[in-house]
Every structure is written in C-alpha cells, then in structure tokens.
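Chemist: got a predicted structure plus its sequence, pasted below:
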Amino acid sequence: MRGAAWQARIECGGAVAGAGFLVSPRTVLTCAHVVQGDPAPVTVSFPNRPGLAGLPATVTVPGGWAGGATDPGDLAVLELDRDVPVAPARFAPPGAEQGSPSLLAYGFPDGYDEGVLARYRAVSRTLIADQWVQLEATSAHGQPLAGGFSGAAVTLPDDRVVGMVAQVAGEPDVRVGRMLPTEVMARYWYGLGALVPGPGAGSPDATRRLHALVRRAEAIGLDCDPDRLYGHAVGPFGPDLPPGGFGSLRAAAAYVQWQVEDPEAVPRLAHRLAELLAGPPAPRASAWSPIVVELERSGEGQDQVTVRVSAYRDGQRRPVDTGRLPRGEVRAYVQQRVDRAFVHLAEGAEALLAFVLPREWLNEPVAHWECGPEDSTPLGCAHPLVVTDASRHRSGRLRHHLAKKWRRLESGPPAAALHRVDCASPERPPSLRKRLRDEDADLVGYAAPPAAVPGHFEAGLNVPVPVLLWPRTGCADFGHGPAACAGAAFLDALGPAVDGVPAAELPRRVRSLREEAEADDTPDRHWAKDIQLLWDDPHCFPEPAAGLHSPVA
C-alpha cells in the first residue's frame, strides 16, 4: 500500500493483539476488544517506520463496548505518549466502499509481525444490527481475515479509509468478516466526524467548524431544536426530515454532513448554530502572559543595540528595563531582564517569550540562548518562545489585518492547514503572495531561512500570515535542490507535527518539538533542532508598540 506508514500494530505486554491506524499525530484507532480486558501495558508500533516501535499508549475513549462478540461500540481511541512524524490516514465519504471492486486491510496474524494484506469487498449497503458492513474475500486463495486483523483500517485502492475490521470468521474455510463503517465509528468517538468528508463537495474547514460548534453547544447546554436546525440547513426544497426526527444536535449534524448532498448544507447549519451561540461581544483576553524582548539597531553605531524588555499582566504592559549596549553583550542583558520580568506576571500565568526583531535578524538563534550563567537550558526549551517582525509589529495596518485573522481562527476550524513553500519548485514572490491571499493562509512553512528567500518571506509577512515556520539552517541553494533536500525533509516532518494543532497552541507545540530535539541521542540530526516560529497575535500585545528609544543617561 502506498500510504502504509500510518498503519499500526497494537501490542499488549509485548504480544501482538491486533491492528490500528493513525488519525492524528498522537491518536490511533483500534477495536475495543483488542485492548480492553488485558492489564498489560499497551504499545503501538508502525512497521513501515522502523524507528517508531513500542510507543506507550493509553486508552482515552473506550467506545462503550460491553464485552460481547456482538455488542455495539467496539471502538477504542489510543493516545500515544508523543506525536509521531507520520502523515495520518485519509478518509473517504461514507458508503464509498460500495462502489469499489476491492478493499484492503493490513493486519498482523500469527507469523506476520511485519504485516500482511487481505483483499475483500463489501457485500451490501445493509448494516447488520445497525453496526456492521459484511465483507467477503475477492479470492478463495488470498489471505483470510484472521486474528491480528481486528482494528485494521479497511481502505479503498487509493488508501482512503472506509471503515475498520471489527470481526473475523471463526472457521478457517469461511472468508467473511465485518467492518465498522466510519459513520458508525463516529457514533462512539465524535472527534472522527470532523475527519470524514460528506458526499457533497463541501469544505473540510466548514465541517471542522460545525463539529467545533456542536461541541461548544453541548458544553454550555444550548437550548435548540435539532429538527428546526436541520430544516434551516437543507432549505425549503431539501430532503424531508427523517421519520422521527433527531434526538440530539449531534445526530442532526451527522445526518446533514453524511446524508445531505448539498455542499452548502453544512456551512448553513454551522452559520445558524454560530448565531445561536453568539452572545454579547466581549474583549478576548489572551491565554498567554507575554514577556516581550524588543531589539533594534541603535543610531550610536553599527555595533550598538537598543534592548527593551516588557512584561504583560492583565493586558497591560509593564516595562522592565531598557538599555543600549554592544551587540556582544545583548544575550547576557536579556537573560537577566527576562528573569526579572517574571516577577511582573500573575501567579500561575502562562509565560510566552516574544522577541521582536528587525527583519534581518529574524533568524537569530534566540531559542538556543541559555536561560542564564547557571542554567544551560535553552530559552526555547524552558518556555514557549516566538519571534516576530519589528516593522509588522509596529504597523497599525498589518496589526488590524492580523486581529481580523485571529478572530476568524477562533470562530472557524480548530486548526490551520500548513501552506508549504518548498525548495524544488518555488513560486515567484508575487505568485506566492497571491496564493496566500487567495487561500487566506494562516500557517506557512518555509524550506529555507529568511535570508535565502527574502522575497518569499516578505510575501508571508505582508499578506499578512499570522504564523510562519522555517529551519534556521536549511537549503542554501533554494530553488535548485532536489525534492529530497533538507528543507523538503523539514517540511515533510513539520506537517504531521503541527496538523490538528490550533494556532493559539503552536508556541507550546514548538517548545515540545525543541525539547524533543534537544533530548534526542543525536540532536544535531533531529529535524526540529533549528525550528524557528514567527507567531503574531495582536491580542497578546494590546497596546500599540512604540518605537524603541535610547534610555536617558
């Protein structure tokens, strides 16, 4: 299978118990009967990624399975102890298995710890006991569904997932089995619904937004009529209300997503639900308490730098210190003032270190600066640390556009998609600027540092894109290297590492990546060793930033 890297082997106490598949950087799905009832530790391995074996996992959602062979809810959600650099599985719309001449499952029966494929087909659209689709082998001589296939993803020939193997035949000469289709799996883990597309050509962002709004409505106990919301979503000429209507908002949303072919039905439902959830607007407080370090060349000489350190508490900036000094003394000065700035933060506040740098200094290794003379921990491992561009930080126009983007990020899908700027075929800066604007990009990953592609970085900074990521050391010959260059490898690993992470949480996620690289046996070879994060939320800096000035002598 071309996309087999996300196929997983589940082990309990070191023995193979079944299969599973990765659906987010640290989430794996399998059958409940694979992992329940065994007190041994659960571990997950990815046979097609030899470096990812024996990863500890915890069952976070048991699915509600009662333990019987025909009991419903035979689904378990496993959380790995860390994110893995593997692109997760992709899903097909519900029912796609019915039009396919063959389906594939990747399992681990006795004697095949590396895995083996079985080829089957769906017998009918009819759900057995409203749970399972029956499968039968396409050949009398192929691999049967046997022990070790439970929890395996059932895929189309293009590797998109349509379900999960839940039952295998008990007799060796009977080549049938059962799978839980994705729409049934989503009954037992609502998080899956946002990953499975509907039959229409609707936007994945709209689907994710709808699911986020449903979770919010459930959390606050929103008083609403699911049947009326369904009518609003499909319109006066849409499908009739199903017999008996809907018993919950979640059921109505699932029906609109997977049974209504109108691609505008999901956005209409999400828009109406957002209206019901809307209350009197309140100013948003940042989840972070920033410590801001602003650096600027001083007019006193080429080697002179003006440094200003501030802390924010309750949305108000509190100056810590300002100084003018030779560039070689900046690091020690910053270490002392950052340490002092923590006394200005509220008890228990979540600190964020933000370096506001001239554009030509955006690649400075500030995340690698030590915490102090007696603490060699890099600042970027000790705290979430970001950089931002000084000129953009002080531009009223760009801050206004950034504030609008962050409001949309909060009310829209839970995570932004990564827009790649690769080495192998870079766009011209004007073309990139147009693409980022047309696609309303929120998160851009570059294969090279700013000095290598100044025009491309200018496009991302001035569109403006709220979040930019790049390797401080990357491809020196941007635009001429092969597809397997260091920059492309960085982006290949970055995509899965940030997939599904809300933009507001990226500073914390990048700190985790820096710690992972620092703790690696060969840190210089870890893909995230020099990751730089430009992250710019104006709500973190509610006051207009004044220009730096030399301190009064």
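Modeler: Received it, and whenever you're ready, just let me know what you need. Since the model is a prediction, treat every value here as computed from it, not as a measurement.

Chemist: just the helices from the stretch 151-300 of the chain, written as ranges.
Modeler: 182-188, 204-220, 226-234, 249-259, 265-277 (DSSP state H, counting those that start in this stretch).

Chemist: cool, and the chain?
Modeler: 32-35, 182-188, 204-220, 226-234, 249-259, 265-277, 330-341, 379-382, 390-393, 396-411, 429-438, 454-462, 486-498, 506-519 (DSSP state H).

Chemist: quick one: neighbours of residue 244, just the number.
Modeler: The local packing of residue 244 (other C-beta atoms under 10 Å) involves 7 other residues. C-betas here are computed from N, CA, C, even on glycine.

Chemist: please apply the same query to residue 499.
Modeler: Neighbours of residue 499 (other C-beta under 10 Å): 16.

Chemist: and residue 295, which of the helices of the stretch 151-300 of the chain is closest to it?
Modeler: helix 204-220 (36.7 Å; C-beta to C-beta).

Chemist: quick one: low-confidence parts of the stretch 301-450 of the chain?
Modeler: Counting by pLDDT under 70, the stretch 301-450 of the chain contains low-confidence ranges at 301-302, 315, 411-415, 424-426.

Chemist: again, but for the stretch 451-553 of the chain
Modeler: Ranges of the stretch 451-553 of the chain meeting pLDDT under 70: 475-484, 542-553.

Chemist: do the stretch 151-300 of the chain as well
Modeler: Looking at the stretch 151-300 of the chain by pLDDT under 70, you get 169-174, 200-203, 279-286, 299-300.

Chemist: ok, now with 90
Modeler: 166-178, 183, 186-212, 214-226, 228, 231-267, 272, 275-288, 297-300 (pLDDT under 90).

Chemist: follow-up on the earlier one: would you turn the helices of the stretch 151-300 of the chain into JSON lines with mean neighbour count?
Modeler: Shown next, in JSON lines, are these (neighbours: other C-beta atoms under 10 Å):
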{"stretch": "helix 182-188", "mean neighbour count": "23"}
{"stretch": "helix 204-220", "mean neighbour count": "18"}
{"stretch": "helix 226-234", "mean neighbour count": "19"}
{"stretch": "helix 249-259", "mean neighbour count": "22"}
{"stretch": "helix 265-277", "mean neighbour count": "19"}
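
Chemist: quick one on the thing from earlier: which one of the helices of the chain lies closest to residue 420?
Modeler: Nearest to residue 420, of these and by C-beta to C-beta, is helix 486-498 at 5.2 Å.

Chemist: and the contacts of that closest one?
Modeler: 25, 83-88, 415, 418, 420, 422-424, 443, 445-448, 469-471, 473-475, 478, 481, 506, 509, 513, 527-528, 531 (C-beta atoms under 8 Å, 6 or more residues apart in numbering).

Chemist: repeat that for stretch 375-384.
Modeler: 288, 338, 350-353, 366-371, 385, 507-508, 510-511, 514-515, 518.

Chemist: just the buried residues of the residues you listed.
Modeler: 288, 338, 351-353, 366-369, 371, 385, 507, 510-511, 514-515, 518 (16 or more other C-beta atoms under 10 Å).

Chemist: so which of the helices of the chain comes closest to residue 536?
Modeler: Per C-beta to C-beta, nearest to residue 536 of those: helix 396-411, 5.7 Å.

Chemist: quick one: buried residues of the closest one?
Modeler: So, applying 16+ other C-beta under 10 Å, buried residues of helix 396-411: 398, 399, 401, 402, 405, 406, 409.

Chemist: next: stretch 516-533.
Modeler: Those would be 516, 517, 518, 526, 527, 528, 529, 530, 531, 532, 533, for stretch 516-533 by 16+ other C-beta under 10 Å.

Chemist: so which of the helices of the chain is nearest residue 165?
Modeler: Comparing those by C-beta to C-beta, helix 32-35 comes nearest, at 10.3 Å.

Chemist: quick one: contacts of that closest one?
Modeler: 10, 12, 17-20, 42, 59, 62-63, 65, 67, 73-76, 78, 150-151.

Chemist: with stretch 24-31 instead?
Modeler: 8, 10, 18-23, 44, 57, 74-86, 88, 150-151, 164-166, 185, 189, 191-192, 496-497, 499-500.

Chemist: and stretch 140-149, by the same measure?
Modeler: Taking C-beta under 8 Å, 6+ apart as the rule, stretch 140-149 contacts 16, 18-19, 105, 107-110, 112, 116-120, 135, 137, 165, 168-169, 172, 175-177.

Chemist: in ChimeraX, select just the buried ones from those.
Modeler: Per 16+ other C-beta under 10 Å, the buried members of the contacts of stretch 140-149 correspond to this ChimeraX selection:
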select :16,18,19,105,107,108,109,112,116,118,120,135,137,165,168,169,175,176,177
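
Chemist: mind listing which of the contacts of stretch 140-149 are in strands?
Modeler: 16, 18-19, 105, 107, 116-120, 135, 137, 165, 168, 176-177 (DSSP state E).

Chemist: have a look at the residues you listed and tell me the least confident one.
Modeler: Ranked by pLDDT, the ones in strands among the contacts of stretch 140-149 bottom out at residue 168 (79).

Chemist: was I right about it contacting residue 179?
Modeler: No. Using C-beta atoms under 8 Å, residue 168 is not in contact with residue 179; the gap is 10.3 Å.

Chemist: how is this protein partitioned into domains?
Modeler: According to automatic domain parsing, the chain comprises the domains 4-187, 200-277, 289-387, 412-536.

Chemist: in CSV, list the helices of the stretch 151-300 of the chain along with distance to residue 463.
Modeler: Below are the helices of the stretch 151-300 of the chain laid out as CSV (distance: least, C-beta to C-beta, whole Å):
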stretch, distance to residue 463
helix 182-188, 36
helix 204-220, 18
helix 226-234, 33
helix 249-259, 31
helix 265-277, 24
